[in-house]
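Peer 1: Make a model of this:
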Amino acid sequence: MTSPTRFTDPHAVDLWDSQFRWRSGNRLCDRTIDATWQRVATALADREGEECAYWRSRYAFAFGQWQLLPDPRLLRFAGTDMPVPALREPIAAVNAAAFVADSHTRRARFDHQRFGAAAAVAVRMLDDAAIAFGPDDDPSMRFGIGMIGLGDALASLGLAYDSAQAIRAAQAIARSLAMGCLHGSLKMAQERGDRRGDRCGQGGQGLAELWRNRALPAELAEAVARNHRHEGLTRIDGFSELARLANGASDGFDPSKDALHDSLGAASVDRQTAQRAIRGAVAPWIDAQPQTSPLQA
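Peer 2: Reported below is the predicted structural model:
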């Protein structure tokens, strides 16, 4: 049996209760956040046919462990008596901090394999969401899967936020996100084929152009060239609400809360320099870049 979801931040509880907890009139439907997870997971996994029960459990487990958080529109409306707004470019956040083993010890390490697997699950989840709730007039599938908890993960690994080691670790985590999403997309293309109407196959590049300058084994490059199911998979920004829900996880390129109280937090120029360096290391592995720099927000 899966243990109940653990809240550690009262602000996260308030956010769930005010924004994502399902109420129907005077009736409280989501008695716990695990009821919210089950509601959303059930609405998504209904598209999985004979594997419905497995994917419902898989999605709910990832949510409950704070590993993966679905689009806020799904949290609010999926499985309720209210319609889900047409999902254009649905998003999901993978929480990097949830994949650090033996955190804050000398044995601390990042589990790239499990992190990549969670990213692949995110692709499947949003593919299910696009089939169920995507707009009828737009058959494209462009997702926005990104990271929260990156600064927290670096702190858990014992890496100073402004160090060269942190920059290398952030780049490796971003690569694992990209590769996990890519494998998830290839799996969906194999199972479900090109997206509705195959508009991408009629002249579009699909993911091939996005991966043109990223090192790929030859067999993967060939598979990517044939994959026209998704136009984009990853993005950098737009996850602040999900970060707050995940017990106040660090958002975007922000350092951990602990780092904000040390000398780095006091030196805003050094902090911005470190953020730019990490962003520069991460960006080549991300499909959609922010319209404006997060450092200017």
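Peer 1: quick one: average pLDDT of stretch 42-60?
Peer 2: For stretch 42-60, mean pLDDT is 94.
Peer 1: which regions of the stretch 51-200 of the chain sit below the pLDDT cut-off?
Peer 2: For the stretch 51-200 of the chain, applying pLDDT under 70 flags the ranges 196-200.
Peer 1: all helices of it, in order?
Peer 2: Ranges of helices in the stretch 51-200 of the chain, per DSSP state H, counting those that start in this stretch, are 52-64, 72-77, 112-133, 150-156, 164-192.
Peer 1: From the contact counts, what lies against the longest one?
Peer 2: For helix 164-192, the helices and strands in contact under the criterion 3 or more Cβ pairs under 8 Å, 6 or more residues apart in numbering; DSSP states H and E are strand 109-110, helix 112-133, strand 142-148, helix 150-156, helix 218-226, strand 232-234, helix 268-282. No exception for glycine: its C-beta is placed from N, CA and C like everyone else's.
Peer 1: contact partners of the fourth one?
Peer 2: Same thing as helix 150-156. Contacts with helix 150-156, where a contact means Cβ atoms under 8 Å, 6 or more residues apart in numbering, come from 96-97, 99-100, 103-104, 108, 110, 161, 166, 169-170, 173, 249-250, 252-259, 278, 282.
Peer 1: For this structure, which residue occupies the most central location?
Peer 2: Ala93 (2.2 Å; Cα atoms, centre = their mean).
Peer 1: from what I can see that one touches Met147, true?
Peer 2: Yes: in this structure, Ala93 is within contact of Met147 by Cβ atoms under 8 Å, at 6.8 Å.
Peer 1: list the contacts for the residue nearest to the centre of the chain?
Peer 2: Neighbouring residues of Ala93 by Cβ under 8 Å, 6+ apart: 68-69, 145-148, 239, 242-243, 246.
Peer 1: quick check, nearest of those to Arg192?
Peer 2: Ile145 (17.5 Å; Cβ to Cβ).
Peer 1: which residues touch that closest one?
Peer 2: Neighbours of Ile145 in contact, by Cβ under 8 Å, 6+ apart: 91-94, 119, 122-123, 126, 177, 181, 233-235.
Peer 1: quick revisit: weed out the non-buried ones from the contacts of helix 150-156.
Peer 2: Neighbour-count burial (16 or more other Cβ atoms under 10 Å) is assigned, among those, to 96-97, 99-100, 103, 108, 110, 161, 166, 169-170, 173, 249-250, 252-256, 258-259, 278, 282.
Peer 1: follow-up on the earlier one: what sits in contact with each of Ala93 and Met147?
Peer 2: By Cβ under 8 Å, 6+ apart, Ala93 and Met147 have these common neighbours: Phe239.
Peer 1: Which per-residue confidence value corresponds to Arg226?
Peer 2: Arg226 is assigned a predicted lDDT (pLDDT) of 89.
Peer 1: Excluding chain neighbours, what is closest to it?
Peer 2: Ala189 (7.7 Å; Cβ to Cβ, 6 or more residues apart in numbering).
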